[in-house]
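Q: Predicted model follows, preceded by the sequence.
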Amino acid sequence: MEGYQVLPLEDVVSEADIFVTTTGNKDIIMVHHMTQMKNNAIVCNIGHFDNEIDMHGLETYPGVKRVTIKPQTDRWVFPETKKGIIILAEGRLMNLGCATGHPSFVMSCSFTNQVIAQLELWKERGTGKYEKKVYVLPKHLDEKVAALHLGKLGAKLTKLTKEQADYISIPVEGPTSLLITGTKR
């Protein structure tokens, strides 16, 4: 954090130009904070669904006017000051609400995860290994997906030797048994 001031919201609410909530908590930026912000301050959330920014308080603020600039970008003007703030993605996760799609590489990783998980379920279908519930993708499958994609990033991988794996107490096949030895940019 060298070179950055770390201050409470109340200390900077009238000075900052951009506010990004990232806490994963609720009630972080409330309507009383928004009324104190600079004209055209930008407010958005990348932290936790739709409860970090007090959208209900903003939407029900007496006399507030919503002006849609473009989809997922609205300027809310307060009647007392005529100053407005710009809210992205209606206070929801901006990285989802304002995205116009994901790069093909990201989609490839996501779809490969899904296929690998389905293959695992099919392979283990008669063993009772998986109950009918939600699971996190096992680390060894996640690493398999990563290994399948790293070549497209220009990474060349070297497997750990048995001695190296023993030294850090993991099996040679993983998890985290692949070392990146070089990349191209």
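A: Arrived safely.

Q: can we go C-alpha only for contacts and neighbour counts from here?
A: Noted.

Q: mind checking the longest helix of this protein?
A: Longest helix in the chain by number of residues, with DSSP state H as the criterion: helix 104-123.

Q: so how far is K139 from the residue most central in space within the chain?
A: Most central in the chain under CA atoms, centre = their mean is I46, positioned 6.0 Å from the mean C-alpha point. The gap separating I46 from K139 is 25 Å, by CA to CA, to the nearest Å.

Q: which intervals of the chain have sub-threshold pLDDT?
A: Residue ranges of the chain with pLDDT under 70: 1, 157, 174-185.

Q: What segments of it are strands?
A: Assigned by DSSP state E, the chain shows strands spanning 18-21, 41-45, 65-70, 73-77, 84-88, 156-159, 178-182.

Q: Compare the ones you listed and give me the one nearest R125.
A: Comparing the strands of the chain against R125 with CA to CA, the closest turns out to be strand 178-182 (29.0 Å).

Q: Can you lay out the strands of the chain as a markdown table showing distance to A99 and mean neighbour count?
A: Conversion of the strands of the chain to a markdown table gives the following (distance: least, CA to CA, whole Å; neighbours: other CA atoms under 10 Å):
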| stretch | distance to A99 | mean neighbour count |
| --- | --- | --- |
| strand 18-21 | 16 | 17 |
| strand 41-45 | 13 | 23 |
| strand 65-70 | 13 | 13 |
| strand 73-77 | 12 | 21 |
| strand 84-88 | 11 | 24 |
| strand 156-159 | 31 | 15 |
| strand 178-182 | 31 | 12 |
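
Q: Export those strands as TSV, with columns for distance to C98.
A: Output for the strands of the chain, formatted as TSV (distance: least, CA to CA, whole Å):
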stretch	distance to C98
strand 18-21	14
strand 41-45	10
strand 65-70	10
strand 73-77	8
strand 84-88	7
strand 156-159	34
strand 178-182	33
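
Q: Nearest to E124 among those strands would be which one?
A: Judging the strands of the chain by CA to CA, what sits closest to E124 is strand 178-182, at 25.6 Å.

Q: could you dump stretch 115-128 to PDB, C-alpha only?
A: Coordinates of the C-alpha atoms in stretch 115-128 are reproduced here as PDB (Å, rounded to 0.1, in the frame of the first residue of the first chain):
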ATOM      1  CA  VAL A 115     -16.700 -30.900 -19.300                       C
ATOM      2  CA  ILE A 116     -14.000 -32.300 -17.100                       C
ATOM      3  CA  ALA A 117     -16.400 -32.200 -14.100                       C
ATOM      4  CA  GLN A 118     -19.000 -34.000 -16.200                       C
ATOM      5  CA  LEU A 119     -16.500 -36.700 -17.300                       C
ATOM      6  CA  GLU A 120     -15.500 -37.200 -13.700                       C
ATOM      7  CA  LEU A 121     -19.200 -37.600 -12.600                       C
ATOM      8  CA  TRP A 122     -19.800 -40.100 -15.500                       C
ATOM      9  CA  LYS A 123     -16.700 -42.100 -14.600                       C
ATOM     10  CA  GLU A 124     -17.600 -42.300 -11.000                       C
ATOM     11  CA  ARG A 125     -21.400 -42.700 -11.600                       C
ATOM     12  CA  GLY A 126     -21.600 -46.200 -10.100                       C
ATOM     13  CA  THR A 127     -19.100 -45.900  -7.200                       C
ATOM     14  CA  GLY A 128     -21.100 -43.700  -4.800                       C
END
